[in-house]
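Novice: pasting a predicted model and its sequence here:
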There are 2 protein chains.
Amino acid sequence: MSNLYSLPSEIRQLCRTSMLDTPTPGMALGFVQANLVVLPYSLAFEFLLFCQRNPKPCLILDVTEVGDYEPKIIAPGADIRTDLPRYRVFRHGELVEEITDISSFWRSDLVAFLVGCSFYFENAMLNSGLPVRHVEEEKNVPMYKTNIECIPTQKFSSPLVVSMRPLPANQVVRAVEVTSRYYKAHGSPVHIGSPDAIGIKELERPDYGDAVTVREGEVPVFWACGVTTQTAIFQAKPELAITHSPGHMFISDLKDEFLTF
Amino acid sequence: MSNLYSLPSEIRQLCRTSMLDTPTPGMALGFVQANLVVLPYSLAFEFLLFCQRNPKPCLILDVTEVGDYEPKIIAPGADIRTDLPRYRVFRHGELVEEITDISSFWRSDLVAFLVGCSFYFENAMLNSGLPVRHVEEEKNVPMYKTNIECIPTQKFSSPLVVSMRPLPANQVVRAVEVTSRYYKAHGSPVHIGSPDAIGIKELERPDYGDAVTVREGEVPVFWACGVTTQTAIFQAKPELAITHSPGHMFISDLKDEFLTF
């Protein structure tokens, strides 16, 4: 079963009834997918502040009221406890469980943050005739920790994590133009060219995801990546944190174009 | 003394030493001026969330750490307790004092929010040859409460407050283009044309600021306004809130162009 043309609500219903627990790239094409971060209220202000200070990697799409599990703005009626295919539960920064339903972990002091990811501007790149190598090679996008520090708060800090897409030199400017419009979703690249300049030693060994082919004459182009929120959480080691499993995103009712200026 | 070409740090020093307590429009031209909102930490998450949900009127430029009075991101070394020309202190939503220094009110649980205002895109409009009527007429910009509700949080809600600038019909599209770039500062208009459509009965009677002349063949154009943060605070009636006095803004070290995509 392909879910390319399913509606977001249909995908969420499949998750809720345990009929779907696979990665979501390519599902409900044209609708915004989001990273999930759930934290106790005691950390909510600081985490929101960390995201506000670092909007390129940590673009907030929705935040639930304290104790509420409905993302009212981007998916009214949805339930973030059940409507993602797969979750990870962390205690003091350590992964303790990977599950398909977090209802039993829910508490009245939890706050859910839905954070932008880069799937949308990849659609825009493809629509503009730009290559997206990891899509061509059917891999996960390669991601790297950099030597660029995010602006910290007292409790949250992280190196900026970036994703990389190689582009023919004569298409780099077009890629900047196309992705810049998506300012609510990472937007323009943070770096073009030398990986070494941002502290990346080997393109062939990404910190997350899969290595992809960089062809003769191609330039690596780097965008801020939502995984930055997760590295910030690991550093803070909260008593409880829940995230989506990598690639198993929340599918919202927003259309991609909502994220452009 | 004109402060048109003063540096932001010079203006702040004048405020700090009680040598300046007048409105700031036209000072330190080209540098970003900001609204100030100070609230207790108990309301900080909800207020930040209200701003995150309503970025067009409530664009956050900086938030201090709890108890800290230095806006490290937009003006390192500044002190928001002394570096604005004039402040208003509210208790339970009621104005209790208008003063030039809030040091005696400072507490270790206070958080300061610096929120964008519309001065920057007015410079951009003028640079593009577009008229800004209240500048021509040396008045305050006219502002109106609308029938558009902001997305509320549990404690904060407000009608959207807008500012109005009349434009010749053939310059309206250009005004949309020019101001859209300033997405970190209200950005594009929220409404063009009929005031009645957004609940404004009489253009001649603004809720805040001054009425301006609308000439034959001109169209009223409405932008989201930072005063919305203040109406949200009045509705929430916090035990303590401190804001700048109208027009007496915080002048940051950011250049206007920082606020564009």
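Specialist: Perfect, I can see it now. No experiment lies behind these values; they were computed from the predicted model shown. Numbers count the residues shown, from 1 in each chain, chains lettered A, B, ... in the order given.

Novice: near chain B, which residues of the stretch 151-261 of chain A?
Specialist: A:151, A:153, A:154, A:180, A:183, A:187, A:188, A:261 (CB under 8 Å from any CB of the partner chain). Just so you know, the C-beta spots here come from the backbone N, C-alpha and C atoms, and that holds for glycine as well.

Novice: can you pull the contacts of residue A:70?
Specialist: Going by CB atoms under 8 Å, 6 or more residues apart in numbering or on different chains, residue A:70 touches A:64, A:76, A:77, A:78, A:79, A:80.

Novice: filter the residues of the stretch 151-261 of chain A next to chain B down to the buried ones and hand me the PyMOL line.
Specialist: Selecting only the buried entries of these in PyMOL, with 16 or more other CB atoms under 10 Å in any protein chain shown as the criterion:
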select buried, chain A and resi 153+183+187+188
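
Novice: want to throw the residues of the stretch 151-261 of chain A next to chain B into CSV with secondary structure?
Specialist: Below are these laid out as CSV (DSSP: H, G, I helix; E, B strand; the rest coil):
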residue, secondary structure
A:151, coil
A:153, coil
A:154, coil
A:180, helix
A:183, coil
A:187, coil
A:188, coil
A:261, coil
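
Novice: would you list the residues of the stretch 151-261 of chain A next to chain B in a markdown table and tack on pLDDT?
Specialist: Below are these laid out as a markdown table (pLDDT from 0 to 100):
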| residue | pLDDT |
| --- | --- |
| A:151 | 96 |
| A:153 | 95 |
| A:154 | 93 |
| A:180 | 88 |
| A:183 | 76 |
| A:187 | 85 |
| A:188 | 91 |
| A:261 | 66 |
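
Novice: of the contacts of residue A:70, buried ones?
Specialist: A:64, A:78, A:79, A:80.

Novice: closest one of the contacts of residue A:70 to chain B?
Specialist: residue A:64 (9.6 Å; CB to the nearest CB).

Novice: now that closest one: closest residue in space, sequence neighbours ignored.
Specialist: residue A:112 (4.4 Å; CB to CB, 6 or more residues apart in numbering or on different chains).

Novice: which SSE is that neighbour in?
Specialist: Remark: residue A:112 resides in strand A:110-116, with elements defined by DSSP states H and E.

Novice: returning to that earlier point: so the residue nearest to residue A:64 versus chain B, what's the distance?
Specialist: 12 Å (CB to the nearest CB, to the nearest Å).

Novice: hang on, that residue packs against residue A:38?
Specialist: Yes - in this structure residue A:112 lies within contact range of residue A:38 using CB atoms under 8 Å: 4.9 Å.

Novice: anything in contact with each of the two?
Specialist: residue A:80.

Novice: strands along the stretch 51-200 of chain A, start to end?
Specialist: A:60-63, A:87-91, A:94-99, A:110-116, A:143-149, A:159-168, A:191-192 (DSSP state E, counting those that start in this stretch).

Novice: ok so, going back, closest to residue B:236 among the contacts of residue A:70?
Specialist: residue A:64 (19.4 Å; CB to CB).

Novice: just confirm the closest one contacts residue A:80, I think it does.
Specialist: Yes - if you go by CB under 8 Å, residue A:64 and residue A:80 touch, sitting 7.1 Å apart.

Novice: which neighbours do those two share?
Specialist: With CB under 8 Å, 6+ apart as the test, residue A:64 and residue A:80 both reach A:70, A:71, A:112.

Novice: contact partners for the second one?
Specialist: Going by CB under 8 Å, 6+ apart, residue A:71 touches A:62, A:64, A:78, A:80, A:112, A:114, A:250, A:252.

Novice: who does the spatially closest residue to it that is not a sequence neighbour form a beta bridge with?
Specialist: Distances taken as CB to CB, 6+ apart put residue A:62 closest to residue A:71, at 4.4 Å, once the chain neighbours are dropped. Assessed by DSSP bridges, residue A:62 has beta-bridge partners residue A:114.

Novice: for residue A:62, give its distance to residue A:126.
Specialist: 26 Å (CB to CB, to the nearest Å).

Novice: which one of those two has more residues nearby?
Specialist: residue A:62 (22 against 14; other CB atoms under 10 Å in any protein chain shown).

Novice: so what's the residue count around whichever residue of chain A sits closest to chain B?
Specialist: Closest approach between chain A and chain B, counting by CB to the nearest CB: residue A:45, at 3.9 Å. Residue A:45 has 24 neighbouring residues, counting by other CB under 10 Å.

Novice: could you tell me what pLDDT the model assigned to it?
Specialist: Note on residue A:45: pLDDT of 96.

Novice: just want the angle from the helix or strand hosting it to helix B:44-53.
Specialist: Assigned by DSSP H and E, residue A:45 belongs to helix A:44-53. Inter-element angle recorded for helix A:44-53 and helix B:44-53: 30 degrees (by axes from the mean of the first three to the mean of the last three CA atoms, to 10 degrees).
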